[in-house]
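Trainee: give me a 3D structure for the following:
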Amino acid sequence: MLRVLESKGTGLGHTVDEIHAVDRTEISQLAADVQHFIRDGLPIGLIFAGLPSAVSDLLNEGVATFLRRADRINLH
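Mentor: Numbering: from 1, shown residues only. The predicted structure follows:
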């Protein structure tokens, strides 16, 4: 699907809100999959939203390391 979107000059954006309520195994798998797609140069974006403590917990669990390098926006 990502290759088809790329051929049409577009991509896929995936959002996950309230990450504190998401199963950690599933979020880890999603992050790993997205990391592989990015490594392959495929057009995908990933946005997580949640309370700052939930985001910090996720990053400290050692999910995909690329998440630690991601741009973070604190909405206060």
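Trainee: going forward, measure contacts and count neighbours with C-alpha atoms only.
Mentor: OK.
Trainee: please go through the chain and pick out the longest helix.
Mentor: helix 24-39 (DSSP state H).
Trainee: so which bits of that one are buried?
Mentor: Within helix 24-39, the residues scored as buried using 16 or more other CA atoms under 10 Å are 27-28, 31-32, 34-35.
Trainee: specify the beta-bridge partners of the residue minimising distance to the centre of the chain.
Mentor: The chain has residue 46 as the residue nearest its centroid, 3.7 Å off, counting by CA atoms, centre = their mean. Residue 46 forms beta bridges with residue 14, as assigned by DSSP bridges.
Trainee: who are the neighbours in contact with it?
Mentor: Residues in contact with residue 46 (CA atoms under 8 Å, 6 or more residues apart in numbering) are 13-15, 34.
Trainee: ok, so of these, who is nearest residue 51?
Mentor: Taking CA to CA as the measure, residue 51 sits nearest to residue 15 out of these, at 14.8 Å.
Trainee: gap between that closest one and residue 24?
Mentor: For residue 15, the distance to residue 24 equals 15 Å [CA to CA, to the nearest Å].
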